[in-house]
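Trainee: Give me a 3D structure for the following:
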Amino acid sequence: MKIAVMNFSGNVGKSTIAQHLLLPRMTDAELIPVESINSDASGQEPMRGEDFKEVQNALLLLDSAIVDVGQSNVEDFVTLMKQYQGAHEDYDFFVVPTTSDSKQQRDTISTIEALSGMGVPAKKIRLIFNMVPPDRLPERLFPGLFEYHKEGKKFALNPAAVVHRNGIYDDLRGIDMTMKQILEESTDFKVKIKEAKDVAEKLAYSKLLGIQRLAQGVTLELDAVFKTLFR
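Mentor: Purely as a prediction, here's the structure:
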């Protein structure tokens with residue numbers, strides 16, 4: 001598959017979804033980050049046609065890829081995709097993560113409108129409810145998106161496509177590891193805790209053991225979300 005992860009809004013967890021949900025479950029996939037091009041300390045250059053062509057050329061050379069479009073580039077990315085007729089057809093799916101904040105929901109609707117307006121069919125636009133508290137239902141937290149779907153059916157909506165709020169994603173950033181890497185880590189942290197010479201070292205290994213254990217349950221959730229998302 002070739003997937004673009006995008007939303008006009010920031011703080012919806014696009015990179016988390018790309019790195020922890022999609023990448024480990026797509027065979028031989030490569031992650032292509034589309035991030036800000038800093039012109040100087042005072043501002044950012046807009047994304048240029050040449051930049052867009054580089055992304056598309058890389059995409060066409062791969063059998064499986066995830067394009068993670070940064071929030072500061074997404075409007076330029078969409079504008080350029082419109083200019084390059086048929087460029088959206090290079091993607092099998094557009095994954096749109098969203099959170100329950102009202103601004104993020106409005107921006108999510110704008111993102112779906114932009115994709116639909118350029119001819120992306122509803123079945124290729126997949127919504128993910130992200131950072132959902134474990135005790136809340138998407139229907140209650142995202143009533144505007146459910147109503148928007150009911151009115152236009154411009155995207156695929158599945159209430160089971162939910163990634164719950166979990167501190168493990170911040171923990172993984174803190175140790176600079178992915179969930180896949182911590183699960184594949186062969187170090188016996190319990191042995192390391194016993195062998196540690198001071199409290200700080202014991203706490204460091206204890207933290208790693210806790211993250212590894214938590215990752216096992218979160219991975220099962222993400223497995224289920226992936227199957228739901230592309231069913």
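Trainee: quick one, strands of the protein?
Mentor: In the chain, the segments counted as strands under DSSP state E are 2-5, 30-34, 37-40, 43-45, 65-69, 93-98, 125-132, 162-164.
Trainee: Could you export the ones you listed as CSV, including mean neighbour count and mean pLDDT?
Mentor: For every residue, glycine as well, the C-beta is placed using N, CA and C. Supplementary listing: the strands of the chain in CSV, determined by neighbours: other CB atoms under 10 Å; pLDDT from 0 to 100:
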stretch, mean neighbour count, mean pLDDT
strand 2-5, 26, 98
strand 30-34, 17, 92
strand 37-40, 11, 42
strand 43-45, 11, 54
strand 65-69, 24, 95
strand 93-98, 24, 98
strand 125-132, 22, 98
strand 162-164, 19, 97
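Trainee: Using TSV, please lay out those together with distance to I211.
Mentor: Below are the strands of the chain laid out as TSV (distance: least, CB to CB, whole Å):
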stretch	distance to I211
strand 2-5	24
strand 30-34	21
strand 37-40	32
strand 43-45	34
strand 65-69	23
strand 93-98	22
strand 125-132	18
strand 162-164	17
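Trainee: Relative to N57, which of those strands is closest?
Mentor: Minimum separation from N57 across those (CB to CB) falls at strand 30-34, 10.6 Å.
Trainee: about what we covered before: for the strands of the chain, which one sits closest to K180?
Mentor: K180 lies closest to strand 30-34 among the strands of the chain, at 12.3 Å (CB to CB).
Trainee: now what about the closest one, what contacts it?
Mentor: 15, 18-19, 23, 47, 51, 55, 58-59, 62, 64-70, 73, 77 (CB atoms under 8 Å, 6 or more residues apart in numbering).
Trainee: go again using 7 Å as the cut-off
Mentor: With CB atoms under 7 Å, 6 or more residues apart in numbering as the test, strand 30-34 has contacts from 18-19, 23, 55, 58-59, 62, 65-70, 73, 77.
Trainee: quick check, nearest of those to E89?
Mentor: Within the contacts of strand 30-34, proximity to E89 (CB to CB) peaks at L59, which comes in at 11.3 Å.
Trainee: what's the burial count for that closest one?
Mentor: 18 (other CB atoms under 10 Å).
Trainee: Correct me if wrong: it contacts D90.
Mentor: Yes: contact criterion CB atoms under 7 Å: L59 and D90 qualify, at 5.7 Å.
Trainee: Thanks a lot, catch you later.
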